[in-house]
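J.: can't give you the sequence, but here's the structure:
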Ligand code: SAM
């Protein structure tokens with residue numbers, strides 16, 4: 001039967017696509033893409049010519065049903081996004097969710113993902129981590145989100161826009177403290193790929209040093225909170241709160 005393939009594409013270097021991904025893209029009847037013009041360049045590089053179907057954040061809920069009908073009618077579809085793995089801070093969740101509910105076979109074709117590439121070379125604890133995607137753009141919600149992560153002990157991975165990275169580092173200093181270790185992975189797989197491992201305070205200095213430092217695509221990794229052995233554990237604090245309610 002026809003299937004939905006979730007196909008990872010490169011995050012910069014056009015060679016970062018698997019043989020299997022190319023085979024699947026050659027084989028399917030239709031390619032659903034976030035931006036058909038953008039993806040057209042990748043496809044033409046690999047001499048793949050297929051009908052395309054735009055599927056982005058704004059039309060995903062309505063257009064999903066159309067795609068499900070097509071799959072049920074026997075057409076296999078590949079979903080790709082502008083870069084990396086679909087659904088990872090990219091469209092596709094609603095489509096996959098609806099396809100699962102409709103009993104459509106869904107096959108992942110794994111490949112590049114900026115978060116995983118960044119973590120794999122950051123030198124930060126990678127045994128456990130928390131992918132946080134994009135922080136909210138607005139000040140208050142961004143602060144609330146960061147405050148909710150104060151006790152997070154796993155490495156946190158954020159996607160960042162160049163316009164907001166400096167503000168984010170400033171917020172991190174005020175909420176997590178200037179000593180928190182950060183790693184920025186910039187322009188992964190591209191010509192100017194670079195990693196910067198600095199404290200939050202040092203990172204801010206570096207970002208302000210040169211406007212070029214705020215250019216490009218960023219993955220920001222934040223070290224998890226250190227467990228302080230002398231501190232009263234959260235469970236004990238919760239018990240105290242409960243006890244206090246019971247006391248006269
Ligand atoms: N689906 C993609 C993935 O699998 O990584 C992520 C898409 S999200 C809309 C785009 C964000 O991913 C960028 O703002 C940046 O934070 C990060 N990103 C994508 N490509 C990158 C690269 N080459 N270097 C660093 N960060 C990248």
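T.: Alright, I've got the coordinates. Worth saying up front: this structure is predicted, and the values here are computed from it rather than measured.
J.: who's in contact with the residue of the chain found nearest the ligand?
T.: Going by CB to the nearest ligand atom, the ligand is nearest to residue 84 of the chain, at 2.3 Å. C-beta here means a position set from N, CA and C on the backbone, and glycine is covered the same way. Residues in contact with residue 84, defined by CB atoms under 8 Å, 6 or more residues apart in numbering, are 8, 9, 10, 11, 90, 111, 112, 113, 114.
J.: ok, and which of the residues you listed reach the ligand?
T.: 11, 90, 113, 114 (CB under 6 Å from any ligand atom).
J.: Tell me the secondary structure at the second one.
T.: Same thing as residue 90. Following DSSP: H, G, I helix; E, B strand; the rest coil, we place residue 90 in the coil state.
J.: Count the neighbours of it for me.
T.: Residue 90 has 18 neighbouring residues, counting by other CB atoms under 10 Å.
J.: give the contact list for it.
T.: With CB under 8 Å, 6+ apart, residue 90 has these contacts: 34, 81, 82, 83, 84.
J.: farthest-separated two in these?
T.: Using CB to CB, these span at most 11.0 Å, a distance reached by 34 and 84.
J.: need the helix or strand of the protein with the lowest average pLDDT.
T.: Across the helices and strands of the chain, the lowest-confidence element by mean pLDDT, DSSP states H and E is helix 234-246, at a mean of 75.
J.: where does this structure come near the ligand, residue by residue?
T.: Going by CB under 6 Å from any ligand atom, the residues of the chain near the ligand are 11-12, 81, 83-85, 88-90, 113-115, 159-161, 185, 187-190, 217-219.
J.: Columns secondary structure and pLDDT on top of the ones next to the ligand among the contacts of residue 84, output as JSON lines?
T.: Output for the ones next to the ligand among the contacts of residue 84, formatted as JSON lines (DSSP: H, G, I helix; E, B strand; the rest coil; pLDDT from 0 to 100):
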{"residue": "11", "secondary structure": "coil", "pLDDT": "98"}
{"residue": "90", "secondary structure": "coil", "pLDDT": "96"}
{"residue": "113", "secondary structure": "coil", "pLDDT": "98"}
{"residue": "114", "secondary structure": "helix", "pLDDT": "98"}
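J.: what ranges do the helices span in the chain?
T.: 19-27, 36-45, 60-72, 93-101, 114-122, 139-147, 165-176, 200-209, 234-246 (DSSP state H).
J.: Kindly reformat those helices as CSV containing mean neighbour count.
T.: As requested, the helices of the chain are exported to CSV (neighbours: other CB atoms under 10 Å):
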stretch, mean neighbour count
helix 19-27, 15
helix 36-45, 15
helix 60-72, 16
helix 93-101, 16
helix 114-122, 19
helix 139-147, 14
helix 165-176, 19
helix 200-209, 17
helix 234-246, 9
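J.: what's the closest of those to residue 228?
T.: Nearest to residue 228, of these and by CB to CB, is helix 234-246 at 11.3 Å.
J.: what bits of the chain have low per-residue confidence?
T.: For the chain, residues meeting the criterion pLDDT under 70 lie at 229-237.
J.: got a list of what residue 32 touches?
T.: 52, 53, 54, 55, 67, 77, 78, 79, 80, 95.
J.: again, 6 Å this time
T.: Residues near residue 32 by CB atoms under 6 Å, 6 or more residues apart in numbering: 53, 55, 77, 79.
J.: For the first one, which non-adjacent residue is closest in space?
T.: Okay, so that is residue 53. In space, and not counting its chain neighbours, residue 53 is closest to residue 32: 4.6 Å by CB to CB, 6 or more residues apart in numbering.
J.: Bridge partners for that neighbour, pull those for me.
T.: residue 53, residue 79 (DSSP bridges).
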